[in-house]
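**Student:** After the sequence you'll find the predicted model.
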Amino acid sequence: EVQLVESGGGLVQAGGSLKLSCTASEFLPDDYAITWFRQAPGKEREGVSCISMYTSRTLTADPLKGRFTISSDYYNTTYLHINSLEPEDAAVYYCAAATTTRCTLSEFAYHRWGPGTQVTLFS
């Protein structure tokens with residue numbers, strides 16, 4: 001089974017940019033979708049952005065469009081680019097894999113999760 005590990009989190013200044021990485025233990029199959037989720041303290045986990053390894057199509061949560069971009073090398077690493085960081089972006093960011101060719105931001109579709117990477121903001 002594919003194992004996922006996130007990296008790139010840390011302490012960043014509000015207004016800045018960040019690039020998170022999700023590295024898989026092996027080549028990502030064509031029938032996988034990789035999605036980034038996040039969970040802030042006291043809040044439910046929410047889907048951020050998804051990419052399909054099969055179609056290359058992406059899906060980003062409407063409130064986050066324009067600042068969040070997902071990309072992949074289509075080998076074993078998927079990235080989340082975040083621009084104009086806002087205090088509300090502080091959260092633990094997770095990547096997850098689902099066996100589906102179509103993107104979904106529903107966490108119930110995902111069977112493999114990374115341990116998460118913390119993003120903390122300062123002003």
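**Tutor:** Sure, I can see it. Residues are numbered from 1 along each chain as shown.

**Student:** Give me the below-cutoff pLDDT ranges for the chain.
**Tutor:** The model of the chain has no residue with pLDDT under 70.

**Student:** Which parts of it are strands?
**Tutor:** For the chain, the strands defined by DSSP state E occupy 4-7, 10-13, 18-24, 32-39, 46-52, 58-60, 68-72, 77-82, 91-99, 112-113, 117-122.

**Student:** of these, which approaches Leu105 most closely?
**Tutor:** In terms of C-beta to C-beta, the element of the strands of the chain nearest to Leu105 is strand 46-52, at 2.8 Å. For every residue, glycine as well, the C-beta is placed using N, CA and C.

**Student:** so how far is the closest one off the chain centroid?
**Tutor:** 6 Å (C-alpha atoms, centre = their mean, to the nearest Å).

**Student:** bridging residues for the residue nearest in space to the middle of the chain?
**Tutor:** In the chain, the residue lying closest to the centroid (C-alpha atoms, centre = their mean) is Trp36, at 2.0 Å. Note on Trp36: beta-bridge partners by DSSP bridges are Ser49, Cys95.
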